[in-house]
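Asker: Just need the structure, nothing else, for what follows:
(chains A and B)
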Amino acid sequence: MHKALVMKADACTGCHQCEMMCSYGKVGAFNPAKSVMDITIFDGGAVNVPSTCTQCEDAWCMVVCPVQAITCNPATGAKEVSAEACVGCKVCSIACPFGAINYDPDSGVVSKCDLCKGEPMCVEACPTTALAYVAQDSTGYERMRHNALLAAGL
Amino acid sequence: MSWTGNILRVDLAAGTCTSEPTNMEWAHDYMGQRGLATKYLVEETDPKVDPLSPDNKMIFATGPLTGTIAPTSGRWSVVCKGPLTGAIACSNSGGFFGAELKNAGWDMVIFEGRSASPVYLDITNDQAELKDASDLWGKSVWDTETALRDRRGDPDVRVASIGLAGENGALYAAIVNDMDRAAGRSGVGAVMGSKQLKAVVVRGTLGVTVNDPMALMKTSNAAKELLAEHAVTGTGLPTHGTQVLMNVINEVGALPTRNGHDVQFDGAHDISAEAMAEVRESDGQANLVSNHACFGCPISCARRSKIDPTHFTVKDKPQYQIVSGGLEYEAAWALGAANGVKDLDALTYANFVCNEQGLDPISLGSTIGAAMDLYGSGAISQEDTGGVALEFGNTEAFVAMVEATARGEGFGKELGQGSRRLCEKYGHPEFSMTVKSQEFPAYDPRGIQGMGLTYATSNRGACHLRSYTVASEVLGIPEKTDPLVTEGKAGLVKAFQDATAAVDSSGTCVFTTFALSGEEIAPMVDAACEGDWSVERFVEVGERIWNMERQYNIAAGFTAADDTLPERLLKDAAKTGPAEGSVNRLDEMLPEYYELRGWDASGVPSAETLGRLGL
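Answerer: Below is the predicted model of the structure:
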């Protein structure tokens, strides 16, 4: 079974270690501006929300791409962009309801999470439990368990 | 790599921004940030310069590890001659500004001269331009940062700015970045204000490249594991922040209270980390909202706090009913114990005001404490204070003085000059809890002997962050020493000073040193940078920097007579606690310290020492 990235805002401290590792994987430099994992900081840093592509099954970006530059990696389920095929039309970035795929003017193509071929570097970098890479059918399991504990008054 | 190799030189008088290559010979001898910026200042300015004149320079500096995957890589520093002390000033800050500056491709920005009218520096990668800031002059840090972010239309820009305190020349004005991280000490904000430079806004998208990425990841991961496993960096600081110390230091009997009259505070618990987490009755919330990390930091010691909306300080002021930078230990002590004030929300409000208008809470709190001492002794009266009964423990009076100082109004104008000048003016220099005119922080040297030597010999005036012997004397890191014993402290202080100077020049945070030593940090520098960075070289660079700073201060006019402590610490024994009956025995430590440093009996580095360090 494929695995999925799970992002927990309540555990995120906003340190951007994930962005640094992500950008290193993408462009070979520590450069948060090039990261496809993004931490948004709200309320003066009290709330930090990590977000990236969740790898939709029927991915909008993949469906709308006019040159079939986005394909599904069967090993990971990740929707990957072929830099050779992409023409930089940006239609995918308009189609994505989550804003998880964006155009990079320096490379002339779009960039998105590819799950690092099944070993997401952001998860490895995260010093808290804000990022996890878990079986696809259990992305809500931990939250369910947490809520069950609350309901049980434990 | 991992220096960008570029320095931005900003001539404020001419209004020009020019790029020049980083002097790599100096970078190899002084690493970066504190060390490298100080080297530039030493080479380019007269140590006798008036700190607030156009001839003083101010340098914003990153380190080689700033912006890299190394843990706590968000650090940057401001270096200049300090107006509070007349000594070398180097104030270190976290947040996100430093990493953004490095990502824009700059090792340092050197500001020289003085602008004829208010300006701000606008940086996007290699493009830098001075722009008119007339409309921002008179605004707070918070309003300036918001206005510049809106003006740029980019939520990812980072801003460092001054508030009213820096504009008005308060001598301990801070430069604040990311709303509540500050280059806090020694009055660097006043220097920025004297140059009519309101803010620096930066966006960097170039990335930071390192010499050997795989080696850096390996050494960084090892360091991150040690930080996570350590009781202080893995549990204490993330959970409680630096405020974890309030009850600990009080129990040790080293919490300077009511301007140093006492060493224990009956209100310590009320202003502690534990109190910050307690749920209050009015709104069912706690003062503490969450913790927050600076760029690249796995420790996450910063506090996010919200003041009780019904509290007298904020009930009619919605702009303070927000989540913002909460109390850290030094601020909670200075604003609280030093004044005998134990109202947690009042202290949080004062801390918000320090961030909002750019003030150092340590010097502010200690100066108000000195003023309360003057008031109590009859040296000043309500005629001087504008009708305020400035008694120890008077929360309303304390809040009024914080507001007046932040705005530079009335008696606040005098408080903004710091306690040494205030106490001298009113005939009681002995009431000033300062060394080299800078207020000492939250550790009483009668209860922690090594901190006496730390304060006395700190190159930027009294400071805990130059050699944090509390780690050894109280926390047992790297090994426990007796806080009431002077033996061995000279060596401890020297070792901590050298190591800290190196860490401060690397781009990482000194808080890592609870868990890490040169054995872990030097390999990260080695991986990131050109050249061979052994542990020995790393520490030697620290020692070189320390001696360079000392030489600067001697040239500025300081002598061994300035390596001393307030009389109160040397003559009035602690009244309670484990240190009861103790004074600080500086005279037992200082001569040995000079000797270990390779300095003569008057504290001047010998020719041999200077030669050994290549100075």
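Asker: Pretty sure residue B:51 sits against residue B:58.
Answerer: No - using CB atoms under 8 Å as the test, residue B:51 is too far from residue B:58 to be in contact (9.6 Å). All C-beta atoms are positioned from the backbone trio N, CA, C, and that covers glycine.
Asker: okay, and the common contacts of the two?
Answerer: Any residue near both residue B:51 and residue B:58 by CB atoms under 8 Å, 6 or more residues apart in numbering or on different chains counts here, and that gives B:80, B:191.
Asker: Can you list the buried residues in the helix or strand that residue B:611 is a member of?
Answerer: Using DSSP states H and E, residue B:611 sits within helix B:607-612. Residues of helix B:607-612 classed as buried: B:609, B:610 (neighbour count, 16 or more other CB atoms under 10 Å in any protein chain shown).
Asker: What is it packed up against?
Answerer: Using 3 or more CB pairs under 8 Å, 6 or more residues apart in numbering or on different chains; DSSP states H and E, the elements in contact with helix B:607-612 are helix B:535-556.
Asker: Domain map for chain B?
Answerer: As assigned by automatic domain parsing, chain B contains the domains B:6-203, B:237-438, B:468-514+B:534-612.
Asker: and residue A:94, which of those is closest to it?
Answerer: Smallest distance to residue A:94 across the domains of chain B (CB to CB): 20.1 Å, for domain B:6-203.
Asker: touching chain A at all, that closest one?
Answerer: Yes - Domain B:6-203 reaches chain A (CB under 8 Å from any CB of the partner chain) through B:67, B:68, B:69, B:71, B:96, B:99, B:103, B:156, B:179, B:180.
Asker: Compare those and tell me which is most surrounded.
Answerer: For those, the largest neighbour count, defined by other CB atoms under 10 Å in any protein chain shown, is 36 neighbours, found at residue B:67.
Asker: on that earlier part again, among the residues of domain B:6-203 next to chain A, which are located in helices?
Answerer: Judged by DSSP state H, those include B:99, B:103 as members of helices.
Asker: Same list, the residues of domain B:6-203 next to chain A, but as TSV with pLDDT and distance to residue B:425 please.
Answerer: What follows is the residues of domain B:6-203 next to chain A, written out as TSV (pLDDT from 0 to 100; distance: CB to CB, whole Å):
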residue	pLDDT	distance to residue B:425
B:67	98	45
B:68	98	48
B:69	97	51
B:71	98	46
B:96	97	40
B:99	98	42
B:103	98	46
B:156	93	46
B:179	97	34
B:180	96	32
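Asker: Residue 10 - how many residues pack around it?
Answerer: Just going to use chain A. Neighbourhood size, residue A:10 [other CB under 10 Å]: 13.
Asker: Actually, chain B is the one I wanted.
Answerer: The burial count assigned to residue B:10 is 27, neighbours taken as other CB under 10 Å.
Asker: Can you give me the pLDDT of it?
Answerer: We note a pLDDT of 98 for residue B:10 in this prediction.
Asker: what's the answer for residue A:154, then?
Answerer: pLDDT for residue A:154: 79.
Asker: can you give me the mean pLDDT across the helix holding residue B:611?
Answerer: For helix B:607-612, mean pLDDT is 98.
Asker: Now do it: distance to the chain's middle.
Answerer: Mean-position distance between helix B:607-612 and its chain equals 30 Å (CA atoms, centre = their mean, to the nearest Å).
Asker: do the same with stretch B:248-262
Answerer: Centre-to-centre, stretch B:248-262 and its host chain are 21 Å apart (CA atoms, centre = their mean).
Asker: And that stretch, end to end?
Answerer: Terminal residues of stretch B:248-262 lie 16 Å apart, using CA to CA, to the nearest Å.
Asker: for stretch A:91-110, same thing?
Answerer: Terminal residues of stretch A:91-110 lie 10 Å apart, using CA to CA.
Asker: just stretch B:473-493 next, same as before
Answerer: Stretch B:473-493 has an end-to-end distance of 11 Å (criterion: CA to CA).
Asker: which residues are contacting it?
Answerer: By CB under 8 Å, 6+ apart, the surrounding residues in contact with stretch B:473-493 are B:232, B:248-249, B:252, B:254, B:447-451, B:453-454, B:457, B:467, B:469, B:471-472, B:514, B:517, B:578-579, B:582, B:585, B:588-590, B:592-593, B:595-596.
Asker: which one of the domains of chain B lies closest to residue A:93?
Answerer: domain B:6-203 (17.3 Å).
Asker: Please enumerate the strands of chain A.
Answerer: Secondary structure of chain A (DSSP state E): strands at A:3-7, A:38-42, A:47-51, A:70-72, A:79-81, A:102-104, A:109-111, A:131-135.
Asker: Go through the ones you listed and name the closest to residue B:373.
Answerer: Among these, strand A:38-42 comes nearest to residue B:373, with 41.4 Å by CB to CB.
Asker: which parts of chain A sit against chain B?
Answerer: A:13-17, A:20-21, A:23-24, A:27-34, A:43-48, A:125, A:127-128.
Asker: from those residues, which would you call buried?
Answerer: Of the residues of chain A next to chain B, these count as buried by 16+ other CB under 10 Å: A:13-17, A:20-21, A:23-24, A:27, A:29-34, A:44-48, A:125, A:127-128.
Asker: wait, residue B:220 sits on residue B:72?
Answerer: No - contact criterion CB under 8 Å: residue B:220 and residue B:72 do not qualify, at 10.2 Å.
Asker: Give me the nearest residue to residue A:68, chain neighbours excluded.
Answerer: residue A:85 (6.7 Å; CB to CB, 6 or more residues apart in numbering or on different chains).
Asker: what pLDDT does the one you found get?
Answerer: For residue A:85, pLDDT reads 98.
Asker: Next, find the distance separating it from chain B.
Answerer: 25 Å (CB to the nearest CB, to the nearest Å).
Asker: can I assume that residue is in contact with residue A:110?
Answerer: No - counting by CB under 8 Å, residue A:85 does not reach residue A:110; the two are 10.9 Å apart.
Asker: returning to that earlier point: ok, now which ones touch the residue nearest to residue A:68?
Answerer: Contact analysis of residue A:85 by CB under 8 Å, 6+ apart lists A:67, A:68, A:69.
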